[in-house]
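Peer 1: Would you be able to build a 3D model of this:
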Amino acid sequence: MNVHFIAIGGSAMHNLAIALHRKGANVKGSDDEIFEPSKSRLAACGLLPQKEGWDEANIHEGLDAVILGMHAKSDNPELLKAVKLGLRIFSYPEYLYEQSKEKTRVVIGGSHGKTSITAMILHVAQECGVDCDYMVGAQLEGFDVMVKLSEAAKFMILEGDEYLTSPIDRRPKFHLYHPDIALLSGIAWDHINVFPTFENYVGQFTAFIDLISPGGALIWCSEDDELQKICPSARKDIGLLPYSWPDYRIENGITIICYDNQEYPLKIFGKHNLLNLNGALLVCNSMGISDRVFWTSIQSFKGASKRLERVGGNESTSVFKDFAHSPSKLMATIRAVKEQFPGKKLVACMELHTYSSLSKDFLDHYKGCMDAADTAIVYFSPHAIALKKLPSITPEEVKEGFGNSALEIYTDPVLLRERLLKEKWDQKNLLMMSSGNFDGISVEDLAKEVVTQNA
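Peer 2: Reported below is the predicted structural model:
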């Protein structure tokens with residue numbers, strides 16, 4: 001099997017390339033820029049292109065498949081030659097479906113919690129010895145790649161992103177997977193550059209439900225207002241399995257699940273994560289894993305990378321980083337830390353980084369979402385706004401959008417870092433939330449300095 005990747009350096013693409021290489025395919029690829037960790041990981045497998053850039057010579061009639069990444073443009077010379085030669089061109093999700101046609105496909109969708117729920121399922125499956133192929137959107141502890149493909153696995157677990165498929169395919173990725181078992185965690189408007197109205201965005205999830213295989217199942221969060229509107233009216237040949245929160249209590253900063261007269265202490269916390277757990281439980285039930293085995297196995301789950309990940313701390317202070325960036329995610333994550341540590345104050349800092357969050361017309365969706373924090377800080381980069389070719393925004397507009405007169409605004413990462421290190425951290429927690437990196441601030445290094453201050 002000869003496969004060429006156009007834009008092999010992407011976080012998802014390089015993992016698929018490694019997975020196919022391990023499966024025995026002859027894999028080649030190209031890209032105009034490749035960063036770490038993709039660069040080192042591709043090099044370790046002998047898959048790193050010898051030079052950066054696009055070359056038509058990479059495309060020839062001996063290729064069985066060409067896989068096109070989102071980073072490539074529609075006028076990419078390699079893509080144009082592949083079209084001219086009539087080669088089989090796949091997007092990333094199309095190829096995952098191609099590799100899972102004979103498997104039971106489990107697709108985890110929703111505006112939030114997709115990575116965490118997928119990670120929970122994979123953790124329990126691994127603990128129980130249930131062989132699964134998978135694609136997940138973060139590096140997980142105990143898994144050296146984010147994509148696994150094999151002949152033997154019965155199940156394919158797919159994180160179902162609603163963003164666009166490829167430069168030449170404008171369908172949402174999760175529309176291509178045709179799940180046998182689908183999970184929806186909730187709907188909160190995102191990707192406004194692609195889905196300009198909320199109704200249009202919700203419509204993508206309605207279409208996803210319609211793509212569930214006949215006789216399949218839809219597992220959905222009954223606590224979500226939008227899902228309550230669309231899930232009960234799903235096709236009659238689809239089984240509906242709603243879920244809510246499990247019984248739990250918090251003791252000395254540890255969340256404990258109470259099930260069938262047994263207690264199961266967890267390493268993760270937050271009401272949103274407890275919803276995620278009950279969704280993952282129903283998926284695992286459908287894979288033949290019992291409730292008791294699930295709760296026993298999930299006790300050792302530490303969470304997915306950048307999902308309420310504790311990166312440093314001591315008895316007085318904990319520093320967390322989280323991928324949260326949309327209003328609903330910010331609110332859930334802040335409330336989770338406040339509920340888990342009621343005796344400590346919380347400094348919550350978020351970065352406006354995505355297309356939606358940096359759009360002036362979207363800012364009022366953030367109203368009140370950081371009010372639960374004792375100190376709320378927002379960072380944004382005017383340079384990022386310029387790169388995205390968006391109208392500029394001002395600190396005053398951000399403060400008005402969040403509806404919080406005490407909100408602190410920073411546009412310089414150096415000044416933000418200095419501000420955080422001036423804080424008196426005794427009996428306070430720090431929560432850093434972004435889908436970016438605060439323009440180079442290492443949260444891990446920041447955590448070390450915060451802990452040193454309190455030593």
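Peer 1: Residue 203 is in contact with residue 230, correct?
Peer 2: No. Using CB atoms under 8 Å, residue 230 is not in contact with residue 203; the gap is 9.4 Å. Using the backbone N, CA and C atoms, a C-beta is placed for each residue, glycine as well.
Peer 1: Any regions of the protein where pLDDT drops low?
Peer 2: Residue ranges of the chain with pLDDT under 70: 454-455.
Peer 1: Comparing residue 230 and residue 203, which residue is more hemmed in?
Peer 2: residue 230 (18 against 13; other CB atoms under 10 Å).
Peer 1: what's the closest non-adjacent residue to the more buried one?
Peer 2: Nearest residue to residue 230, sequence neighbours excluded (CB to CB, 6 or more residues apart in numbering): residue 206, at 5.4 Å.
Peer 1: Same question for residue 350.
Peer 2: Nearest to residue 350 is residue 433, by CB to CB, 6+ apart, at 4.2 Å.
Peer 1: Now for that neighbour, how many residues are close by?
Peer 2: 24.
Peer 1: contacting residues around it?
Peer 2: 321, 322, 323, 324, 325, 329, 330, 333, 348, 349, 350, 351 (CB atoms under 8 Å, 6 or more residues apart in numbering).
Peer 1: ok, of those, which one's closest to residue 3?
Peer 2: Lowest distance from residue 3 to the contacts of residue 433 (CB to CB) belongs to residue 323, with 30.1 Å.
Peer 1: Report the separation between the closest residue to that closest one other than its chain neighbours and residue 237.
Peer 2: Of all residues beyond its chain neighbours, the one nearest residue 323 is residue 306 (4.6 Å), with distances taken as CB to CB, 6+ apart. Computed as CB to CB, to the nearest Å, the residue 306 to residue 237 distance reads 38 Å.
Peer 1: Those two: which is more packed in?
Peer 2: Higher neighbour count among residue 306 and residue 237: residue 306, with 20 against 10, using other CB under 10 Å.
Peer 1: From residue 197, how far out is that one?
Peer 2: In terms of CB to CB, residue 306 sits 29 Å off from residue 197.
Peer 1: Confirm residue 123 sits in a strand?
Peer 2: No. Counting by DSSP: H, G, I helix; E, B strand; the rest coil, residue 123 is not part of a strand but helix.
Peer 1: Need the nearest residue in space to it, chain neighbours excluded.
Peer 2: Excluding the flanking residues, the one nearest residue 123 by CB to CB, 6+ apart is residue 301, at 4.7 Å.
Peer 1: Just give me the neighbour total for the one you found.
Peer 2: 23.
Peer 1: any idea how far residue 132 is from the closest residue to residue 130 other than its chain neighbours?
Peer 2: Sequence neighbours aside, residue 287 is the residue nearest to residue 130 in space, at 6.1 Å (criterion: CB to CB, 6+ apart). Separation of residue 287 from residue 132 (CB to CB): 8 Å.
Peer 1: who touches both of these two?
Peer 2: Contacts common to residue 287 and residue 132, judged by CB under 8 Å, 6+ apart, are 121, 125, 155.
Peer 1: Would you convert those residues into CSV that also reports neighbour count?
Peer 2: Formatted as CSV, the shared contacts of residue 287 and residue 132 follow (neighbours: other CB atoms under 10 Å):
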residue, neighbour count
121, 28
125, 21
155, 23
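Peer 1: Looking at the residues you listed, which one is closest to residue 427?
Peer 2: Proximity of the shared contacts of residue 287 and residue 132 to residue 427 (CB to CB) peaks at residue 121, which lies at 36.5 Å.
Peer 1: That closest one contacts residue 157, correct?
Peer 2: Yes. Here residue 121 reaches residue 157: they are 5.7 Å apart, a contact under CB under 8 Å.
Peer 1: shared neighbours, the two?
Peer 2: With CB under 8 Å, 6+ apart as the test, residue 121 and residue 157 both reach 106, 108, 132.
Peer 1: residues near the second one, how many?
Peer 2: By the other CB under 10 Å criterion, the neighbourhood of residue 108 contains 32 residues.
Peer 1: quick one, phi/psi of it?
Peer 2: With angles defined as degrees, to the nearest 10, residue 108 sits at phi -100, psi 110.
Peer 1: Please tell me how far it sits from residue 385.
Peer 2: Counting by CB to CB, the gap from residue 108 to residue 385 is 32 Å.
Peer 1: Of the contacts of residue 433, which qualify as buried by neighbour count?
Peer 2: 321, 322, 323, 324, 325, 329, 330, 333, 348, 349, 350, 351 (16 or more other CB atoms under 10 Å).
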